[in-house]
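Colleague: Generate a structure from the sequence data that follows.
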Amino acid sequence: VYSAYIYNPGKAKRPNNWMVEPQLVDVSLQPEMASEGFLLQKFLATQSELRESQAVLQDYKNLSGYNRGHLNPNSHQPNLDAKKATFTLTNIVPQYIKLNGGSWNNYEQDTMTRNSQGCKETFAVVGAVPGNNYIAGGRVNKPSHLWSAACCYIDNNHLRSWAIIA
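Modeller: This is a model prediction of the structure:
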């Protein structure tokens, strides 16, 4: 699983409402993200239908040593709407807490900022390599590795690229 995006960090506030993807439950449902509660009430979807199509908030409750790790981090987005779009449960994977708050966070915040200096535009791809373990009773795979690759356009004759795996 992976996410590709344009790196364009902004100062907007971090959202904190997690969303799901209604169209994964049924293609006739709205394409815009929605809260689990809204989806279940408005579209009369069942919890079972939702759980069959994607991860749900309950899958990430009571984790030991892991938390929700963004593939496309909200901090790499320019405004509130773009940041909100990263708060879907299809954009996260179980991530080791010390990695998410430590070296991976340093990569997201420091390395991306430093390596993007002087660039006109930076592109990033972040992915998760499926592992052999699961959370939520086998519903959500814990990746064995996370990776990221980025490149930027400086001018007609100069590009820069970098990558990380953890």
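Colleague: State the three-state secondary structure for Arg68.
Modeller: Of the three states, Arg68 takes strand under DSSP: H, G, I helix; E, B strand; the rest coil.
Colleague: Next one: the residue nearest to it when sequence neighbours are not counted relative to Val27, how far apart?
Modeller: In space, and not counting its chain neighbours, Arg68 is closest to Ile92: 4.5 Å by Cβ to Cβ, 6 or more residues apart in numbering. Placement of C-beta: from N, CA and C, glycine included. Distance, Ile92 to Val27, by Cβ to Cβ, to the nearest Å: 23 Å.
Colleague: which of those two has more neighbours?
Modeller: Using other Cβ atoms under 10 Å as the criterion, Ile92 and Val27 rank with Ile92 on top: 21 against 8.
Colleague: residues in contact with the more buried one?
Modeller: 55, 60, 68-71 (Cβ atoms under 8 Å, 6 or more residues apart in numbering).
Colleague: where do the helices sit along this structure?
Modeller: 22-25, 36-42, 47-53, 80-85, 97-100, 103-106, 112-116 (DSSP state H).
Colleague: Put the alpha carbons of the fourth one into CSV.
Modeller: Once non-C-alpha atoms are left out, helix 80-85 reads as follows in CSV (Å, rounded to 0.1, in the frame of the first residue of the first chain):
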residue,chain,number,x,y,z
LEU,A,80,-7.0,22.6,6.5
ASP,A,81,-9.0,20.9,3.7
ALA,A,82,-5.9,19.1,2.4
LYS,A,83,-4.9,18.2,6.0
LYS,A,84,-8.4,16.8,6.6
ALA,A,85,-8.0,14.6,3.5
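Colleague: Run through who's touching it.
Modeller: Here helix 80-85 has contacts from 8, 10, 12-15, 17, 19, 33, 74-75, 77, using Cβ under 8 Å, 6+ apart.
Colleague: list the buried ones in it?
Modeller: Buried residues in helix 80-85, counting neighbours by 16 or more other Cβ atoms under 10 Å, are found at 82-85.
Colleague: cool, the third one as well?
Modeller: By 16+ other Cβ under 10 Å, the buried positions in helix 47-53 come out as 50, 53.
Colleague: Could you do the last one as well?
Modeller: The neighbour-count criterion (16+ other Cβ under 10 Å) identifies 112, 115-116 as the buried residues of helix 112-116.
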